[in-house]
Structure formats: structure tokens, C-alpha cells
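A.B. asks: sequence first, then the predicted structure:
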Amino acid sequence: MTRSGIGYDLHRLAEGRKLMVGGVEVPFDKGSVGHSDGDVLSHALCDALLGAGGLGDIGTHFPDTDPKWKGVSSLLFLEHTRKLRYERRLRISHLDAVVICERPKLGPYFPAMCAALAKALGTSPEQINLKAKTNEGTGEIGRGEAIAAHAIATLEG
Ligand SMILES: [Zn+2]
């Protein structure tokens, strides 16, 4: 059986924070504000994977009120979805995602992100497709105040 799940996330950007995207630190003058490391791509992928598995959402598994998750790498969340997926004998067929921010340019970091995400998920980088968009200068993303990501996961099992 083929199962698909969708994920979306947005984080505010502020000075004095690291910009973590897909498990990789991207050099920039701002970073995402969040309880964990604020990795918008990992969070969107996590929700897509949980959705495809019929397993709820990221907030249920990793509540942002729990001090355990403060400042942690969001790759831990993806590693946890791998455990849940193995228990249910679900295999990743494909992951696709788009990250939306005005700056910085993320494309050069995609190979490193695919490698980090694949390692955390126990899949191969070829099964992960990443895309980058700007918001054409409009809204909070266009003003550089936020970063967002959409993701879709397709599982077989
Ligand atoms: Zn998030």
C-alpha cells in the first residue's frame, strides 16, 4: 500500500540564532526562533512522515512545553520517526520538500542536507528531493522575518 503525508512549518527569523535547515547550519546573519533548533525543513518532513504513517503530528510526539526538546537537533525527531516507521514496516519511497525564504540561497547546501536527513531517516539521499523558493519579496517571508517549508512523504508498506 502507498501512503502519503503532508507537512508544513514556519519559524520566525531573528538575530543571535543559528540557521539550521535540514540538519545543516547555514551561515547567515539571522536564525530561526524555536524551542528546538528551529529546523523548519526537518519539522515539515517530520510532520509529512508522521502523516503518511497515520501517526499524528510533531507537536504530539515532541511537545514544545517539554524541556527535554529544548535546543535539541531536530534530526532527533526524524530518527524517532524512523523507529515508528520500522515498527510498522513502512519504507520511504520518496520525500519532496520546498523551503521558502528570501535569503540566504539554500541550493548550495542541499547535498549536505540530503545526506544529513538520509542518515537520520535511514534512507538514501536519492530518495530526498529539496527545492528552494523566495516569496518574491512579499509578506513576512519576503521581508526576511520568517522561513517556511512544505513537505510530502510517500511511504510503502
Ligand atoms: Zn518547527
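C.D. replies: Received it, and whenever you're ready, just let me know what you need.

A.B. asks: in the chain, what residue lies closest to the ion?
C.D. replies: His43 (3.4 Å; CB to the ion). Yep, even glycine has a C-beta here, placed from its N, CA and C like the rest.

A.B. asks: where exactly do the strands run in this structure?
C.D. replies: Remark: strands assigned in the chain by DSSP state E are 2-14, 20-21, 24-25, 31-32, 91-100, 128-133, 146-156.

A.B. asks: could I get those in JSON lines, plus columns for distance to Lys83?
C.D. replies: Conversion of the strands of the chain to JSON lines gives the following (distance: least, CB to CB, whole Å):
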{"stretch": "strand 2-14", "distance to Lys83": "17"}
{"stretch": "strand 20-21", "distance to Lys83": "22"}
{"stretch": "strand 24-25", "distance to Lys83": "23"}
{"stretch": "strand 31-32", "distance to Lys83": "25"}
{"stretch": "strand 91-100", "distance to Lys83": "13"}
{"stretch": "strand 128-133", "distance to Lys83": "19"}
{"stretch": "strand 146-156", "distance to Lys83": "14"}
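
A.B. asks: which of those strands sits most buried?
C.D. replies: Ranked by mean neighbour count, the strands of the chain are led by strand 20-21 with a mean of 26 (mean count of other CB atoms under 10 Å).

A.B. asks: who does it pair up with?
C.D. replies: The strands beside strand 20-21 in its sheet (DSSP bridges) come out as strand 24-25 (antiparallel).

A.B. asks: now do the same contact list for the residue lying closest to Gly142 once chain neighbours are set aside.
C.D. replies: Distances taken as CB to CB, 6 or more residues apart in numbering place Asn135 nearest to Gly142, at 4.2 Å, with adjacent residues excluded. Listed by CB atoms under 8 Å, 6 or more residues apart in numbering, the contact set of Asn135 reads Ile100, Cys101, Glu102, Ile141, Gly142.

A.B. asks: which among the residues you listed count as buried?
C.D. replies: Neighbour counting over the contacts of Asn135 (16 or more other CB atoms under 10 Å) leaves Ile100, Cys101, Glu102, Ile141 as the buried ones.
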